[in-house]
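Asker: need coordinates for the below:
(2 chains)
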Protein chains: 2
Amino acid sequence: MELKEAVAKLKEMNRVMHAYNHAMGVMYYDIETAAPKNATGGFSDTMAALSEITYKLSVNEENFALLDFLTGHADELDEITRREVEEAQKGLKLLRSIPMDEYIEYQRVLSEASAVWHEAKVKSDYAMFEPHLKKLVEFARRFAAYAAPEKDPYDYWLNEFEEGFTQDVLDGYFEKIKAGLVPLIHKIGERPQLDNSFLHKTYPVWQQRKLSDFLMEVMGINRDDCAIGETEHPFTTGFNKHDLRITTHYYEQDLASSMYSVIHEGGHATYEMGNSDELWDSPLAGGASCGMHESQSRFYENLIGRSRAFIELVFPKIKETFPEQLEGVDAEAFYLAVNRAEPSLVRTEADELTYSLHVLVRYEIEKKLMHGELDTKDLPAEWNRLYKEYLGVDVPNDKEGCLQDSHWSGGSFGYFPSYSLGSAYGAQILAHMKKELDFDGLIARGEMGVITDWLRVHIHKYGMIKKPAELIRICCGEDFDPQYYIDYLTAKFSELYGL
Amino acid sequence: MELKEAVAKLKEMNRVMHAYNHAMGVMYYDIETAAPKNATGGFSDTMAALSEITYKLSVNEENFALLDFLTGHADELDEITRREVEEAQKGLKLLRSIPMDEYIEYQRVLSEASAVWHEAKVKSDYAMFEPHLKKLVEFARRFAAYAAPEKDPYDYWLNEFEEGFTQDVLDGYFEKIKAGLVPLIHKIGERPQLDNSFLHKTYPVWQQRKLSDFLMEVMGINRDDCAIGETEHPFTTGFNKHDLRITTHYYEQDLASSMYSVIHEGGHATYEMGNSDELWDSPLAGGASCGMHESQSRFYENLIGRSRAFIELVFPKIKETFPEQLEGVDAEAFYLAVNRAEPSLVRTEADELTYSLHVLVRYEIEKKLMHGELDTKDLPAEWNRLYKEYLGVDVPNDKEGCLQDSHWSGGSFGYFPSYSLGSAYGAQILAHMKKELDFDGLIARGEMGVITDWLRVHIHKYGMIKKPAELIRICCGEDFDPQYYIDYLTAKFSELYGL
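Answerer: Numbering: from 1, shown residues only, chains lettered A, B, ... in the order given. Next up, the predicted model:
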């Protein structure tokens, strides 16, 4: 095979896979935002048919040979093509090592588990989900052994989601988090609580929709590139840098919920809109990793969106929209309210300070599951014990406990740490950005574009070309260091609670 | 080849094609209702890629051999399979004759033309759309020559949309329409006009949205099977009988516009929801023809929706929703208002009486375009001349003139006559339905379900199994006869205007 011909084959493959992924992505967005209820049957049939087609397109000897050939000539490839080959190999490594019949059985177990989890969560009935989870844990351990027999299974999965991270690194990371944050949270618990009661007055949905438009405008999001939909759980999806979709959920009695989900998802969208043009239909479009993607969404949500400067900027418009609900409230009171910290049960609703402890609970449990040190039967007890230990809360039921997240029912073990790493990346990036930019001043003047441009140049434009560790070095001129995150939280919340 | 094996291959092909069509259909719905503006570039690329794949799947020697084999054994096939083969052959007749490159280029031109038309219409700028239209006209003429070199190109396209119809038949049909309706319209023009001014007060969009929900409920549409979206130009699309999508456009100053577009599109959706279950993922799902589809949408819109009985049924709710705007208006006044007949500019806003004259304008123009007797550059002038001649109105701009419809930008020439034929089918069907059902009584009592069931048994359940001419015979026990349509309009509007 000629190298040039092989590269052309790869690019053609990318183009075709991009089309399938685009179509399936739009179908997924549609089923979540627009389709009628009974569309799910036809949706599943079509997604299954298209998944089968794309599976056959990529998992076949001809494609393996193409990728192996290109891997053998990696030094002769340009950076983008080399990384495309590397990512394709990474994606196929597991699939190539699993016996076909086991993979089919796994797909069957996955779809069952997902359906059962939905029902079990509604009924708060862990027992009905447990046998399915048990199977998924066994699959995850076995698959790790197939793909990387030399590795600890949890290290294998952690590396899949955030390249370069192992339990060694994360044990140290979470020890630092625990040592830094648990005493801080304890001290805050003894201080008078910040008032956020006015956020729970009645805020009509149609007015919240207008506020979303305003927030996206403030963020500098070009609405011609990014639409907003409404779903039960907010998410972001994108098909190319000119077609991003974020979603939110409006609660009449909770102004901050949709406000911060819009800013969070807007951050995800901003990342992908900032990809360089050459990644248009490349599999390297998007974000460097789950953690790096979260670093950007949480950068906008927390580091910008929950800053005093941002609240001072947007509060006049918020008050103008809701004059009755916010009578007697000023920007400072609003700033305090959206930063109220309080140990709670549900990760997705957790505040900025306690968030990483929710992740820690999951990390501890996943580690034990992957090592066969925790029987899935004993999972709720362990979950509840850890929530008591780290967050000081009693878990009243499994719906708000170990059944709350969809990740395990989807076969994902090792994803959760990314959520916490994202916040830590963000704090480190912020510390270095501040050496170059007048961060608070820019926000106060509504010049968010300068901040976004900085992030675009240092992170967004690269998509998946650079790995997260490299991006941290590009941004910060040093390796990842979680101390920035702890320092940031300590300073912010000490001031907020007058410690 | 074994017959059984060949049938299995056909069914597998249908399953896969259904998946592709479903995905592309959702992408189309999404780009019209939800996608951000700049999504069109990626949308075009993906639609082109998927079209190429489906083209290759169906346009290849193996598939031709399969279909030819099955055609040779047509007598041994069940009715559905036989019709599937027949339709596949009909669909491939054109594709088998178009060179692949030209087909792909056509798909690309189509997506571009559609995007440009949207912008051109907003700007009322025909010149920006004209080069795209010119290309599409050339494609249509060339494609007709490929598929049926022995036929007049317009006859070819007319037959594609409504089997059995030619210019000979339609020239006669439109002559009858002209002879029957133009004098009637003239007489009505001399009578005092019906008052519909209150329909143009201010009707807030969010309340009109609620009215749409009510109207769909009255029609008996199961909302779990049918969603409603908002687009510039209302349309209906469906992916299976449990996943229909209708769209509407709300105008604050025009209550009747969205009201009747919802009923019209709801009629299209009702047709497909009434398909028999065995057509689930068959290519025979949907409607028998464009004209038969229009017969159903216009049946609900006009024969039911603009009847005195229907207005008496729904008016109390409308008045309850808009008490201020409708102060002093009663059901009879509302009935008169929604039936006001007046030559106008926009087909989709046209009244029941003058509607077919709008179609006639397009018929005349398409005939000339397909014969190369009209340059696309001269189209606006010709359009305006015909509107003056048939409807007596002056066209002030191309937005309300020749840019108003999306059909030509979608490459459809020969579709418009179906709209008029649909009305004529409907009037004939109504005349025969009335022999069996107490039509007005059922509507007055809100028992629309009985009417829909009758239509389901006689028309909807068949999907494409029967052709339009057969369906007319099933419903009416006789061949198509446009006289019913002229009689219906003459009786209704003579009474309305006291002739």
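
Asker: look up phi and psi at A:Ser344.
Answerer: phi -150, psi -170 (degrees, to the nearest 10).

Asker: would you mind measuring from the residue most central in space within chain A to A:Arg456?
Answerer: For chain A, the residue nearest the mean C-alpha position is A:Glu294 (4.6 Å; C-alpha atoms, centre = their mean). According to C-beta to C-beta, to the nearest Å, A:Glu294 and A:Arg456 sit 17 Å apart. Using the backbone N, CA and C atoms, a C-beta is placed for each residue, glycine as well.

Asker: got it, and A:Pro99?
Answerer: Taken as C-beta to C-beta, the span from A:Pro99 to A:Arg456 is 44 Å.

Asker: surely A:Leu170 and A:Tyr363 touch.
Answerer: Yes - between A:Leu170 and A:Tyr363 there is a contact under C-beta atoms under 8 Å: 6.6 Å.

Asker: overlap of the contact sets of the two?
Answerer: By C-beta atoms under 8 Å, 6 or more residues apart in numbering or on different chains, A:Leu170 and A:Tyr363 have these common neighbours: A:Pro417.

Asker: have a look at A:Pro99 and A:Arg456 and say which one is more surrounded.
Answerer: Set A:Pro99 next to A:Arg456 and count neighbours by other C-beta atoms under 10 Å in any protein chain shown: A:Arg456 wins out with 18 against 9.

Asker: flag every buried residue along the helix or strand containing the more buried one.
Answerer: Secondary structure from DSSP states H and E places A:Arg456 in helix A:448-458. Within helix A:448-458, the residues that qualify as buried are A:448, A:451-452, A:454-456, A:458, counting by 16 or more other C-beta atoms under 10 Å in any protein chain shown.

Asker: nearest to A:Gly25 among those?
Answerer: Checking those against A:Gly25 by C-beta to C-beta gives A:Arg456 as the nearest, at 22.9 Å.

Asker: report the contact partners of that closest one.
Answerer: A:Gly274.

Asker: so what secondary structure elements neighbour the lengthiest helix in chain A?
Answerer: Identified as the longest helix of chain A according to DSSP state H is helix A:3-33. The contact analysis (3 or more C-beta pairs under 8 Å, 6 or more residues apart in numbering or on different chains; DSSP states H and E) places helix A:3-33 against helix A:40-58, helix A:61-72, helix A:79-97, strand A:226-230, strand A:236-240, strand A:243-248, helix B:3-33, helix B:40-58.

Asker: that helix vs strand B:236-240, what angle?
Answerer: If you take axes from the mean of the first three to the mean of the last three C-alpha atoms, to 10 degrees, helix A:3-33 sits at 100 degrees to strand B:236-240.

Asker: and helix A:3-33 with helix A:61-72, angle?
Answerer: Using the same axes, to 10 degrees: helix A:3-33 against helix A:61-72 is 120 degrees.

Asker: and helix A:3-33 with strand A:243-248, angle?
Answerer: Per the same axes, to 10 degrees, the angle that helix A:3-33 makes with strand A:243-248 is 30 degrees.

Asker: any part of stretch A:286-295 near chain B?
Answerer: No - applying C-beta under 8 Å from any C-beta of the partner chain, one finds stretch A:286-295 out of contact with chain B, separated by at least 13.8 Å.

Asker: hey, C-alpha coordinates of that stretch in CSV?
Answerer: C-alpha atoms of stretch A:286-295 as CSV (Å, rounded to 0.1, in the frame of the first residue of the first chain):
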residue,chain,number,x,y,z
GLY,A,286,-14.4,18.3,20.0
GLY,A,287,-12.5,18.3,23.3
ALA,A,288,-9.2,16.7,24.4
SER,A,289,-10.8,14.6,27.1
CYS,A,290,-13.8,14.4,29.3
GLY,A,291,-11.9,16.2,32.0
MET,A,292,-10.7,18.9,29.7
HIS,A,293,-14.3,19.4,28.4
GLU,A,294,-15.5,19.7,32.0
SER,A,295,-12.7,22.1,32.7
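
Asker: for that stretch, give me every contacting residue.
Answerer: With C-beta under 8 Å, 6+ apart, stretch A:286-295 has contacts from A:161-163, A:238, A:268, A:271-272, A:275, A:296, A:415, A:417-419, A:421-423, A:425-426, A:429, A:459, A:462-464, A:466-468, A:471.

Asker: the same query, at a cut-off of 6 Å, please.
Answerer: With C-beta atoms under 6 Å, 6 or more residues apart in numbering or on different chains as the test, stretch A:286-295 has contacts from A:161-162, A:271-272, A:418-419, A:421-422, A:425-426, A:463-464, A:468, A:471.

Asker: phi, psi for A:Ser406 please.
Answerer: Torsion angles, degrees, to the nearest 10, at A:Ser406: phi -90, psi -10.

Asker: what strand or helix carries A:Met259?
Answerer: Going by DSSP H and E, A:Met259 is part of helix A:255-273.

Asker: tell me the angle of that helix relative to helix A:448-458?
Answerer: In terms of direction (the same axes, to 10 degrees), helix A:255-273 departs from helix A:448-458 by 40 degrees.

Asker: next one: helix A:255-273 to chain centre, how far?
Answerer: 12 Å (C-alpha atoms, centre = their mean, to the nearest Å).

Asker: would you turn the helices and strands packed on helix A:3-33 into JSON lines with mean neighbour count?
Answerer: Listed next are the helices and strands packed on helix A:3-33 as JSON lines, based on neighbours: other C-beta atoms under 10 Å in any protein chain shown:
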{"stretch": "helix A:40-58", "mean neighbour count": "16"}
{"stretch": "helix A:61-72", "mean neighbour count": "15"}
{"stretch": "helix A:79-97", "mean neighbour count": "17"}
{"stretch": "strand A:226-230", "mean neighbour count": "20"}
{"stretch": "strand A:236-240", "mean neighbour count": "24"}
{"stretch": "strand A:243-248", "mean neighbour count": "26"}
{"stretch": "helix B:3-33", "mean neighbour count": "18"}
{"stretch": "helix B:40-58", "mean neighbour count": "19"}
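
Asker: quick check: residues of the stretch 201-350 of chain A near chain B?
Answerer: Proximity of the stretch 201-350 of chain A to chain B, by C-beta under 6 Å from any C-beta of the partner chain, involves residues A:224-227, A:239-240, A:242-243.

Asker: so how far is stretch A:358-377 off the chain centroid?
Answerer: 20 Å.

Asker: what does it rub up against?
Answerer: So stretch A:358-377 is in contact with A:130, A:133-134, A:137, A:153-154, A:174, A:347, A:350, A:382, A:386, A:390, A:413, A:416-417, A:419-420, going by C-beta under 6 Å, 6+ apart.

Asker: one more time with 7 Å
Answerer: Residues from elsewhere that reach stretch A:358-377, judged by C-beta atoms under 7 Å, 6 or more residues apart in numbering or on different chains: A:130, A:133-134, A:137, A:140-141, A:153-154, A:157, A:167, A:170, A:174, A:177-178, A:347, A:350, A:379, A:382-383, A:386-387, A:390, A:413-414, A:416-417, A:419-420.

Asker: check stretch A:324-338 too.
Answerer: A:194-196, A:198-199, A:201, A:203, A:256, A:306, A:308, A:311-312, A:315, A:318-319, A:496.

Asker: redo that, cut-off 8 Å
Answerer: Contacts of stretch A:324-338 (C-beta under 8 Å, 6+ apart): A:194-196, A:198-199, A:201-203, A:255-256, A:259-260, A:306, A:308, A:311-312, A:315-316, A:318-319, A:496.
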